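In: coordinates only, sequence not included:
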């Protein structure tokens, strides 16, 4: 009855999921590749576990790293995975039936060379011709239902998995021979399957034991496992949803990073372009100023050189006249010489007006201001830009002054002026008031508002339109001060 409720798994699905050891990637068998399951329910073959455990007293699961104590008997003490063994037996037998391969008798060893000709639904065993005849004539067996191999082979389903689940008999001594395990001792001290003889001799209720029918125990513990299975399925669905979200984020990570890098590159390319344009403008202006000053200096130089030429030529003429003229000649030319000398001497010499030290300068900081660059604020993963606030005069009807200090990803104050801050204050009535942040010029900003209600007011700040973490984000406004 219970077997009919079991869900069958297709061979392809079971092969892929269970029939191959995850460590050596070889199929399980009944020799060195016996499947063994750990307390974490992960299964590996006996050979791989033996190599993995070695001589250690404790080992980690190769898959989930859960620690497991090594049994005293070593790897042999680790339980076999009966699910895989049963399914493997079922698939092998199913293949033999459908392909009409040799199947030995499972009821006797008298005729091992003869292939089975029928299957007993009660004994759940393949029968040779001798055992088949014995079932027909024995009083205890003649009521059993036999299915000829031809009928099993002709069926599209072959054999059902439940048909191979043979009865299990007690192995606790001679008095228990041929005693089928039909009971379960449900006491906390036992928790084991037993036969009627066990229940009578060793599992008496008077001694605190609780023998119950197998079907009842199966119903109880199947229900418990089923409830836990539902919890695990819900957990699995949650994990699958999270994995899909992480997978989507992994797929979008490269695009997000590339877009952000492009934004930063474009911003600084624009900044470099505008700086280059401004640089060209300033250099051009300097060149114009140079040409203008040079023209003035050339004009001034030409005038001075002309005056020098006239002065020197007049002085030279007069000097030669004094040295080389006769008395009569000097007296005759004295008026002309004297008049020219007076004319030259009386002319005012213009001062040097255009001086290089007065050349126009480009007014700029002595170094590149860091705030000019840091106005590009980056909001990193795992958090947002933080803004610390400090409020004074927190009273209804007075101007409440809030000082805002933006911090970077490293937790240090940005110390940057010119950042775009949008500040919104929410009152106890949940009405929002937008305020204007005023740049203090020292990396801090101030907001002034006049609260109309007492109570807790929330402060929300956006930097370039992106919400920032505000600490503290609540201002407790007091009622009007009483005089």
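Out: Received, thanks. What you see is a predicted model; the values in this text were computed from it and never measured. Residues are numbered from 1 along each chain as shown.

In: pLDDT below threshold where in the stretch 251-400 of the chain?
Out: 358-384 (pLDDT under 70).

In: could I get the full set of helices for the stretch 151-300 of the chain?
Out: Assigned by DSSP state H, counting those that start in this stretch, the stretch 151-300 of the chain shows helices spanning 196-201, 214-324.

In: buried ones in the first one, by neighbour count?
Out: The neighbour-count check on helix 196-201 (16 or more other CB atoms under 10 Å) flags 197, 198, 199 as buried. Just so you know, the C-beta spots here come from the backbone N, C-alpha and C atoms, and that holds for glycine as well.

In: also stretch 418-436?
Out: Those would be 419, 421, 422, 423, 425, 426, 427, for stretch 418-436 by 16+ other CB under 10 Å.

In: got it, and stretch 209-221?
Out: 209, 210, 211, 214, 217.

In: which outside residues touch that stretch?
Out: 1-2, 181-187, 189-190, 193-194, 198-199, 202-203, 205 (CB atoms under 8 Å, 6 or more residues apart in numbering).

In: which member of the buried residues of stretch 209-221 is positioned nearest residue 301?
Out: residue 217 (120.5 Å; CB to CB).

In: my read: residue 69 touches residue 53, true?
Out: No - using CB atoms under 8 Å, residue 69 is not in contact with residue 53; the gap is 10.6 Å.

In: neighbour count winner among the two?
Out: Neighbours per residue (other CB atoms under 10 Å) separate residue 69 from residue 53, with residue 53 holding more: 17 against 11.

In: isn't the more buried one right up against residue 73?
Out: No - taking contacts as CB under 8 Å, residue 53 lies outside contact range of residue 73: 11.8 Å.

In: contacting residues around residue 18?
Out: 43, 83, 84, 87 are the contacts of residue 18 under CB under 8 Å, 6+ apart.

In: can you lay out those as JSON lines showing distance to residue 338?
Out: Shown next, in JSON lines, are these (distance: CB to CB, whole Å):
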{"residue": "43", "distance to residue 338": "132"}
{"residue": "83", "distance to residue 338": "138"}
{"residue": "84", "distance to residue 338": "137"}
{"residue": "87", "distance to residue 338": "139"}
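
In: residue boundaries of the helices in the stretch 1-150 of the chain?
Out: Using DSSP H, counting those that start in this stretch, helices in the stretch 1-150 of the chain cover 11-17, 46-53, 82-98, 129-137, 149-154.

In: just name the most buried of the ones you listed.
Out: Mean neighbour count (mean count of other CB atoms under 10 Å) peaks for helix 46-53 among the helices of the stretch 1-150 of the chain, with a mean of 18.

In: from residue 352, how far out is the residue nearest to residue 95 when sequence neighbours are not counted?
Out: Of all residues not flanking residue 95 in the chain, residue 101 sits nearest, at 7.3 Å (CB to CB, 6 or more residues apart in numbering). Distance, residue 101 to residue 352, using CB to CB, to the nearest Å: 121 Å.

In: just the mean pLDDT for stretch 406-415, thanks.
Out: Mean pLDDT, computed over stretch 406-415, is 80.

In: and for stretch 172-182?
Out: Averaged across stretch 172-182, the pLDDT comes to 79.

In: surely residue 321 meets residue 330?
Out: Yes - Residue 321 is in contact with residue 330 according to CB under 8 Å; the separation is 6.0 Å.

In: returning to that earlier point: of the helices of the stretch 1-150 of the chain, which is nearest residue 404?
Out: helix 11-17 (58.6 Å).

In: one step back: pLDDT check: weakest of the buried residues of stretch 418-436?
Out: residue 419 (83).

In: make a markdown table out of the contacts of residue 18 and add pLDDT and distance to residue 467.
Out: Shown next, in a markdown table, are the contacts of residue 18 (pLDDT from 0 to 100; distance: CB to CB, whole Å):
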| residue | pLDDT | distance to residue 467 |
| --- | --- | --- |
| 43 | 93 | 50 |
| 83 | 84 | 53 |
| 84 | 86 | 54 |
| 87 | 82 | 56 |
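
In: can you list the strands that the one helix or strand residue 387 maps to pairs with?
Out: Using DSSP states H and E, residue 387 sits within strand 386-392. Here strand 386-392 is paired, per DSSP bridges, with strand 400-407 (antiparallel), strand 469-471 (parallel).
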